[in-house]
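>>> build me a model from this:
(chains A and B)
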Amino acid sequence: MRIALLGNPNTGKSSVFNMLTGLRQKVGNFPGVTVDKKTGHLTFGGESHEIIDFPGTYSIYPRSKDEEVVYKTLRDPTSADYPDAVLVVLDAANLERNLLLFSQVYDLQLPTIMVLNMSDIAEKRAKAHNLDVLQSHFPEATIVQTNARVRMGKNRLLEALQGLKERKGHCFHPKGLVAAMDDRSAQETETTERFEKIASLLKSAESTLDKHAKQSKLDRILIHPVFGYLIFALVLIVMFQFIYAFAAWPMDLIDGAFASLSGFVADSWPSGVFNDLISQGIIPGIGGVLIFIPQIAILFFFIAVLEETGYLARVVFIMDRLMRPLGLNGKSVVPLLSSVACAIPGVMAARTITDWKERIITIMVAPLMSCSARIPVYTVLIAVVIPNRTVAGFMNLQGLTLFALYALGTISALLIALVLKWFVQQRAKGFLLLEIPELKPPQWSNVGNVVWEKVKIFVWDAGKIIIAISIILWALASYGPSGTMETAAEKTRSICMEKGLSKEETALKVSSARLEKSYIGRMGKAIEPVIQPLGYDWKIGISLISSFAAREVFVGSMATIYAVQNDGEDHRPLIERMRSERNSKGESVYSLASGVSLMVFYVYAMQCMATLAVVKRETKSWKWPLIQIAYMGALAYLGAWIAFNLLS
Amino acid sequence: MQIVLTILLIAAACLYLGWQLYKRFFAKNEACEGCAIGKTTGVQDPKA
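Take a look at the predicted model:
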């Protein structure tokens, strides 16, 4: 049997899906979490059944791409996803709005189950439902009450699925579902008639014990036109302070452990090319991935808590107010906020935007929001060039810098959207339909799931790419055109002897000369004239090239380059090595000016192959990803140049 | 032996990156195109 799971956005559909399948699909306390259909399996009656979680929709008549999925699947019995039964999840505290979709699905004559979810919140709002009255209006449906967040009601749902009621032609609306997909006028008439009937039904089915329940005082502050923004800024500042306060210690520990491991392998394994690859290429590469687990985990812990409590939906609300004058659709807020975690779900979430022009602007600016892949770059560079001291009595300067980088990305995204507004004409004004969910304590198991999934994705998916690039980098840094590396090494050795340099200094200069003549050194040298105005040397240039595919590769690349440069002899942690790196004039390579310039470069540069691929897929064109690379690259270069020259 | 292992690892890394590049940009994305939402996005004309 194939079961479709439907419902309005933010009714707990994904929680019901997880409860039934035992899967851990992402759930969120704001609309738009599910923009693609997800499938899972559940077993009852000794058989496995497929369950499909569709994107949330308010009506069966679509207004956006994600909502079309539901209409096209349910109206076409020949569709590969056409269900044998439908579970419609309803927010028990908002029956009036939720019953519209249910009544439409019911009139399709499919075996239908009404899942009255979030009954705890309905109780809090002092709402009681007379199920007999509801049942009398939908006699051929089964009604089940659940609270999927705490996994209550699974058995009742399974029983309902096993005893599905046969459809005999009863319709809620006298004419059933009649309007065609493109007949807006007929759809509006039918929808109005349905709402009238639902309103009269609820008069007898629903009793609100306290009809004058006051809006939460807390809520009035959280979405206040002034305090709302101040509180949001404060929440972000606290979040970044926490990242630095709690991540520094485990980060140093991991960094030191991998430096020691690299040294141990180099010293204890038989010497040779494979030893070099492991100790100078792979181990620094793996260290470059694992070092960021603490920051990633803390960031997503905060994001998950804010989302679970319902605060993020309030942020969406206040940001909508801010975005409208800038030409962005209110619905752009969810994709942009999603992009703080990763631009890929952010770009995909733009499917909920009805108008193509508004959607394309959102897709174009979403990668400017600082994603989690930038954290590795930011945190290492901040640790190298920003002093770890307290400002204003209680704030850590490094945490404030991280906040400033996130703010720079966000403000730039909004300003670019304003510019794009003049180039990309909008045909129709979009709107944001958002239900503000109840503020509630976070479900810690969901928070744990989010943190675990994000860390796993980062370590596994990004890790494989980082390690593969580290291996190739090591090979390109260890070999060069025939004889040139040896010639350079000999020449440097003679010069060092003439100058009377120590054995250690000579060894460092010789390995540096070898690296310079390697394949990767030649590539770095080739682009050096272009990046010199930004304050970068050719080694940073190598990392810029290697991190083109994924920006988080930057740190792993630096670790590999410095390991090869020191011929595996220097086992200090990466951050210490970067701090002590000097150019030919004896000046620090990572000065405040070049460090900030590099951070600004990474705020803007479109260095993510996966995002470009998704933009190409979503826009069905090479044009938009190419424009994105060009404008973000130009911004990155200009921004970095300005930062370097201002601070030099 | 060390050289053989090194060459194998470098070759594997190159193949993996090449495959990722192909999969993301050029391969038909069955996970997306085959599902309902992939079909509906195919209806939209980006130039419209």
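>>> low-confidence stretches in chain B?
Filtered on pLDDT under 70, chain B yields the residue ranges B:28-48.
>>> now do the stretch 251-400 of chain A
For the stretch 251-400 of chain A (pLDDT under 70), the answer is A:327, A:329-331, A:352, A:354.
>>> list, one by one, the residues from it near chain B.
Residues of the stretch 251-400 of chain A lying close to chain B by CB under 8 Å from any CB of the partner chain are A:270, A:272-275, A:277, A:282, A:351, A:356, A:360. For every residue, glycine as well, the C-beta is placed using N, CA and C.
>>> most neighbours among the residues you listed, which one?
Sorting these by how many neighbours each has (other CB atoms under 10 Å in any protein chain shown) puts A:R351 first, at 26 neighbours.
>>> could I get the full set of helices for chain B?
B:2-25, B:30-33, B:36-43 (DSSP state H).
>>> where do the strands of the stretch 101-250 of chain A begin and end?
A:112-117, A:127-129, A:142-145, A:206-208 (DSSP state E, counting those that start in this stretch).
>>> picking up where we left off before, can you redo the residues of the stretch 251-400 of chain A next to chain B as a markdown table with distance to A:Q628 and secondary structure?
Below are those laid out as a markdown table (distance: CB to CB, whole Å; DSSP: H, G, I helix; E, B strand; the rest coil):
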| residue | distance to A:Q628 | secondary structure |
| --- | --- | --- |
| A:P270 | 48 | coil |
| A:G272 | 44 | coil |
| A:V273 | 40 | helix |
| A:F274 | 41 | helix |
| A:N275 | 42 | helix |
| A:L277 | 35 | helix |
| A:I282 | 33 | helix |
| A:R351 | 18 | helix |
| A:W356 | 16 | helix |
| A:I360 | 10 | helix |
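>>> in the stretch 251-400 of chain A, which spans are helices?
A:273-276, A:283-290, A:293-309, A:311-323, A:333-338, A:343-349, A:356-365, A:374-385, A:397-423 (DSSP state H, counting those that start in this stretch).
>>> the fifth one - contacts with which helices or strands?
The one in question is helix A:333-338. When contacts are defined as 3 or more CB pairs under 8 Å, 6 or more residues apart in numbering or on different chains; DSSP states H and E, helix A:333-338 packs onto helix A:311-323, helix A:343-349, helix A:356-365.
>>> between those, which one is closest to A:G228.
Proximity to A:G228 (CB to CB) singles out helix A:311-323 among these, at 4.2 Å.
>>> now the angle between helix A:356-365 and that closest one, please.
Here helix A:311-323 runs at an angle of 110 degrees relative to helix A:356-365 (axes from the mean of the first three to the mean of the last three CA atoms, to 10 degrees).
>>> list the buried ones in helix A:311-323?
For helix A:311-323, the neighbour count (16 or more other CB atoms under 10 Å in any protein chain shown) marks A:311-320, A:323 as buried.
>>> cool, and stretch A:641-648?
A:641, A:643-644.
>>> out of the buried residues of helix A:311-323, who's nearest chain B?
Chain B lies nearest to A:V316 out of the buried residues of helix A:311-323, by CB to the nearest CB, at 22.1 Å.
>>> thinking again about what came up before, make JSON lines from the helices and strands packed on helix A:333-338 and add distance to A:Q187 to it.
As requested, these are exported to JSON lines (distance: least, CB to CB, whole Å):
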{"stretch": "helix A:311-323", "distance to A:Q187": "26"}
{"stretch": "helix A:343-349", "distance to A:Q187": "25"}
{"stretch": "helix A:356-365", "distance to A:Q187": "21"}
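>>> of those, which is nearest A:G40?
helix A:343-349 (18.9 Å).
>>> and the closest one, how far from the chain's centre?
Chain-centre distance of helix A:343-349: 7 Å, with CA atoms, centre = their mean, to the nearest Å.
>>> so what does that helix touch, helix or strand wise?
Looks like helix A:343-349 contacts helix A:333-338, helix A:609-619 (3+ CB pairs under 8 Å, 6+ apart).
>>> cutoff 10 Å now
Taking 3 or more CB pairs under 10 Å, 6 or more residues apart in numbering or on different chains; DSSP states H and E as contact, the helices and strands that helix A:343-349 lies on are helix A:333-338, helix A:356-365, helix A:609-619.
>>> just those helices: most buried one?
Mean neighbours per residue, mean count of other CB atoms under 10 Å in any protein chain shown, is largest over those for helix A:333-338, with a mean of 26.
>>> and the stretch 51-200 of chain A, which residues reach chain B?
Contact residues (CB under 10 Å from any CB of the partner chain) of the stretch 51-200 of chain A with chain B: A:52, A:54-55, A:62, A:64-73, A:76, A:79-81.
>>> quick one: buried ones out of those?
Among those, those classed as buried by neighbour count (16+ other CB under 10 Å) are A:52, A:54-55, A:62, A:64-73, A:81.
>>> does stretch A:531-545 come close to chain B?
No - with CB under 10 Å from any CB as the criterion, chain B is not reached by stretch A:531-545; the gap is at least 13.5 Å.
>>> export that stretch as PDB, just CAs?
C-alpha atoms of stretch A:531-545 as PDB (Å, rounded to 0.1, in the frame of the first residue of the first chain):
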ATOM      1  CA  ILE A 531      46.300  38.100  -5.500                       C
ATOM      2  CA  GLN A 532      49.300  40.100  -4.200                       C
ATOM      3  CA  PRO A 533      47.200  43.300  -4.100                       C
ATOM      4  CA  LEU A 534      44.900  41.500  -1.600                       C
ATOM      5  CA  GLY A 535      47.900  40.800   0.700                       C
ATOM      6  CA  TYR A 536      48.200  37.100  -0.100                       C
ATOM      7  CA  ASP A 537      51.300  35.100  -1.000                       C
ATOM      8  CA  TRP A 538      51.400  32.200  -3.500                       C
ATOM      9  CA  LYS A 539      50.700  29.600  -0.700                       C
ATOM     10  CA  ILE A 540      47.500  31.300   0.200                       C
ATOM     11  CA  GLY A 541      46.800  31.300  -3.600                       C
ATOM     12  CA  ILE A 542      47.200  27.500  -3.700                       C
ATOM     13  CA  SER A 543      44.500  27.200  -1.000                       C
ATOM     14  CA  LEU A 544      42.200  29.600  -2.800                       C
ATOM     15  CA  ILE A 545      42.500  27.400  -5.900                       C
END
